[in-house]
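Sharing a sequence plus its predicted fold:
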Amino acid sequence: MRDLREHQSAATGTAVLMAAIALAAPLNYGFGLALAWLLPAADFGAVSVLLTVLLLATSVLAAGFPWALARRVAREEDPESAAASFRAALIGNVGLGAVLAAGFAGVQLATGAILPGAGTGLTLLVAATIVLLALGQVLIGGLQGTRRFTAVSAARIAEVVVKVAVGLGVVALVGAGIVGVAWALLIGAAAAAGTAWWMYRDRLPGLRGTVAGWREFAAAAPMAVATTGFGLIGTLDVLLLGVLGQGHGVTVAAIGSYQAAAILAKAPFLVGSTLSDVVFPFIARARGAAEAHGWVVTGLRWVPLGLVPMLLVLAVTPDSFIGRLFPADYADAAGPTRVIALGAVGLIVGDMLLKALFARHLAGAAAVRIPAAAVAEVATMALLVPGHGAMGAAAGFAVGAWVGVGVLASVYLRHHPVGALPVRRALAWSAAAGVLTGLLALASAAGPGLDLVIIAVALLVYAALAVGLGAVPAQDVARARGLLGRLTGSAAAPVPAAAPAAVPAPVLEGAPE
């Protein structure tokens with residue numbers, strides 16, 4: 001338990017959080033897949049809306065106050081000042097959660113427009129879950145600021161394990177349907193908050209004491225606005241598909257099919273978000289723009305190297321997974337999966353840029369510009385959903401995600417010395433990705449049976465080419481070999497030091513460690 005309260009480096013934090021993703025992601029996606037099999041398509045569509053509502057609430061509640069607290073704790077040496085910041089974040093975030101919960105309950109009970117068919121009991125369950133999410137996110141923000149990444153992972157794993165165990169139990173054994181799923185989400189949120197509290201208890205101040213003043217809330221406000229806008233990009237496609245498609249053949253079952261596509265295509269976003277979470281406190285502690293940019297590159301360089309190949313698999317060969325993972329009723333999810341995967345790349349890059357701007361005290365500039373992405377998404381959906389249904393929603397998501405990248409990059413580039421892209425490394429990656437795409441096309445044409453074998457071979461060939469042609473930085477290759485050597489008990493080659501943090505304009509070379 002002592003290790004859970006230790007400060008950890010970026011490399012260790014990345015490994016720990018990646019291990020948590022490796023455990024939690026299969027459970028999360030297995031939960032979604034199991035619900036698709038256990039529930040009728042219409043009920044799964046309603047559950048999809050429920051999950052999206054809570055995802056949007058989590059995005060809002062994980063935004064301003066927790067990130068402001070993480071940044072303050074990462075930089076603060078005075079325990080009393082950090083305690084005052086924690087109290088301010090606790091009051092502000094739980095208060096915001098209560099407002100969101102009341103707003104949801106009021107609109108749902110008055111109109112029934114948000115969650116189709118939800119009665120009073122289900123509405124109150126969702127409202128209570130929102131408040132618990134608000135509490136848990138403050139505690140996780142404190143853990144992140146202290147670089148206790150193992151503790152952050154423990155809280156996230158607790159939430160997923162409890163949610164899945166309770167949810168599948170009540171749905172499969174009791175037949176509780178959407179109400180059972182809501183109870184599972186509530187208990188999972190409580191488990192995450194309780195675990196985070198236990199891991200942070202040695203730093204928890206008393207509730208009575210100094211509360212940071214309005215400046216703490218002022219710092220959180222633009223972060224909350226920006227993250228809310230960004231959260232809308234990832235959720236409006238599900239929330240508005242039924243509204244904009246009403247009278248045009250879009251049913252609740254069609255929303256469930258679209259959610260099946262989103263479950264697959266947005267999966268790599270979890271990995272990208274983990275990378276940006278790990279480097280956030282190091283960006284916040286950076287001594288200047290050049291050092292901060294080096295930390296951004298530490299996470300960002302793995303988008304093309306590791307995440308784009310995953311998304312290429314989903315964009316080129318979605319039928320290989322849709323047909324095997326979902327019932328036959330979801331066969332039409334393959335088309336939206338291709339488009340959502342393209343948008344997911346933009347969502348990952350945008351998330352990294354947004355958190356970097358937060359760490360660099362540029363949240364206000366991001367907050368002013370990010371609504372343009374949500375507006376572009378809604379406009380695209382309003383234009384395309386009536387005639388194209390789920391494909392129109394997927395196109396709206398992709399447009400919103402990449403408009404978000406554009407507006408955030410315009411702010412980032414004005415404040416950081418980016419330098420030039422290493423041409424040789426970019427060409428090496430392009431060659432490897434091109435070979436991967438060609439092999440995936442063969443897998444798509446091969447059909448069931450050989451397709452998975454070809455996909456596996458394609459990824460191995462890509463990895464070999466990326467390393468052999470020099471697309472992967474030499475120090476990362478050396479670290480991987482050293483880790484493999486330790487795991488196998490063989491002698492490991494010495495790992496070269498990373499580039500110094502103060503090197504001007506690091507791009508895709510070394511990054512600070």
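Received, thanks.

could I have stretch 184-192 exported to CSV, CA atoms only?
Taking C-alpha atoms only, stretch 184-192 is exported to CSV below (Å, rounded to 0.1, in the frame of the first residue of the first chain):
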residue,chain,number,x,y,z
ALA,A,184,-24.3,-0.7,-11.5
LEU,A,185,-23.1,2.7,-12.6
LEU,A,186,-24.0,4.3,-9.3
ILE,A,187,-22.2,1.6,-7.2
GLY,A,188,-19.2,1.7,-9.5
ALA,A,189,-18.9,5.5,-9.1
ALA,A,190,-19.1,5.0,-5.3
ALA,A,191,-16.3,2.4,-5.5
ALA,A,192,-14.1,4.7,-7.5
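
quick one: that stretch to chain centroid distance?
The chain centre lies 19 Å from the centre of stretch 184-192; the measure is CA atoms, centre = their mean, to the nearest Å.

just for the stretch 401-513 of the chain, where's the confidence low?
Applying pLDDT under 70 to the stretch 401-513 of the chain flags the ranges 479-480, 483-484, 486-513.

Give me the buried positions along stretch 238-258.
238-242, 244-245, 250, 252-258 (16 or more other CB atoms under 10 Å). Any C-beta I mention is one placed from the backbone N, CA and C, and that applies to glycine too.

Same question for stretch 370-384.
Residues of stretch 370-384 classed as buried: 370, 371, 373, 374, 376, 377, 378, 380, 381, 384 (neighbour count, 16+ other CB under 10 Å).

circling back to that earlier point, among the buried residues of stretch 238-258, find me the one that's closest to residue 138.
Of all those, residue 239 has the smallest distance to residue 138: 25.5 Å, by CB to CB.

one step back: return the subset of the buried residues of stretch 238-258 lying in helices.
Counting by DSSP state H, the part of the buried residues of stretch 238-258 found in helices is 238-242, 244-245, 252-258.

is it possible to export those residues to TSV including pLDDT and distance to residue 352?
As requested, these are exported to TSV (pLDDT from 0 to 100; distance: CB to CB, whole Å):
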residue	pLDDT	distance to residue 352
238	88	23
239	86	24
240	89	26
241	90	27
242	84	31
244	90	30
245	88	32
252	80	34
253	82	35
254	86	32
255	86	29
256	85	31
257	88	30
258	91	26
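
And the helices in the stretch 51-200 of the chain?
Ranges of helices in the stretch 51-200 of the chain, per DSSP state H, counting those that start in this stretch, are 64-75, 79-111, 120-145, 149-168, 177-200.

contacting residues around residue 39?
If you count contacts by CB atoms under 8 Å, 6 or more residues apart in numbering, residue 39 has them with 47, 171, 177, 178.

That one and residue 314, how far apart?
Going from residue 39 to residue 314 by CB to CB, to the nearest Å gives 23 Å.

same deal with residue 478?
31 Å.

cool, and residue 201?
Taking CB to CB, one finds residue 201 at 41 Å from residue 314.

likewise residue 423?
Going from residue 423 to residue 314 by CB to CB gives 29 Å.

Tell me which of these two has more neighbours.
The residue with more neighbours, out of residue 423 and residue 314, is residue 314; 25 against 8, by other CB atoms under 10 Å.

tell me which element the more buried one is part of?
Here residue 314 sits within helix 308-316, counting by DSSP states H and E.

Give the rounded mean pLDDT of that helix.
Mean pLDDT, helix 308-316: 92.

How far away from the center of its chain is it?
17 Å.

Name the surrounding residues that touch that helix.
264-265, 267-268, 271, 321, 337-338, 341-342, 344-345, 433, 436-437, 440-441, 443-444, 455, 458-459, 462.

mind running it again at 6 Å?
Applying CB atoms under 6 Å, 6 or more residues apart in numbering, the contact partners of helix 308-316 are 264-265, 268, 337-338, 341, 344-345, 436-437, 440, 444, 462.

Go through those and say which is closest to residue 413.
Out of the contacts of helix 308-316, the member with the shortest distance to residue 413 (by CB to CB) is residue 345, at 18.7 Å.

Would you mind measuring from the closest one to residue 448?
27 Å.

Check residue 189 too.
Using CB to CB, residue 189 is found at 39 Å from residue 448.

who has more neighbours, these two?
Between residue 189 and residue 448, counting by other CB under 10 Å, residue 189 is the more crowded of the two (25 against 10).

Would you confirm that that one contacts residue 134?
No: the pair residue 189 / residue 134 is not scored as a contact, 9.5 Å apart, by CB atoms under 6 Å.

Let's see the pLDDT reported for residue 118.
On the pLDDT scale, residue 118 is placed at 80.

Contact partners for it?
residue 108.

How about the one 10 residues further on?
Applying CB under 6 Å, 6+ apart to residue 128 gives the contacts residue 186.

Then the one 4 residues further on?
With contacts taken as CB under 6 Å, 6+ apart, residue 132 has the following neighbours: 189, 190, 193.

Recalculate using a threshold of 10 Å.
Contacts for residue 132 were tallied using CB atoms under 10 Å, 6 or more residues apart in numbering; they are 61, 94, 97, 101, 185-194.

Looking at those, state which has the most neighbours.
residue 61 (28 neighbours).

Quickly note the distance from it to residue 96.
7 Å.

Please enumerate the shared neighbours of those two.
130, 131, 134, 224.

Of those residues, which pair is most distant in space?
131 and 224 (16.3 Å).

What segments of the protein are strands?
Listed in chain order, the chain contains no strands at all (DSSP state E).

Dump the contacts of helix 308-316 to TSV, plus distance to residue 418 and neighbour count.
Below are these laid out as TSV (distance: CB to CB, whole Å; neighbours: other CB atoms under 10 Å):
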residue	distance to residue 418	neighbour count
264	33	25
265	29	27
268	24	24
337	33	25
338	31	20
341	27	26
344	24	28
345	19	24
436	27	23
437	27	16
440	31	24
444	36	16
462	27	24
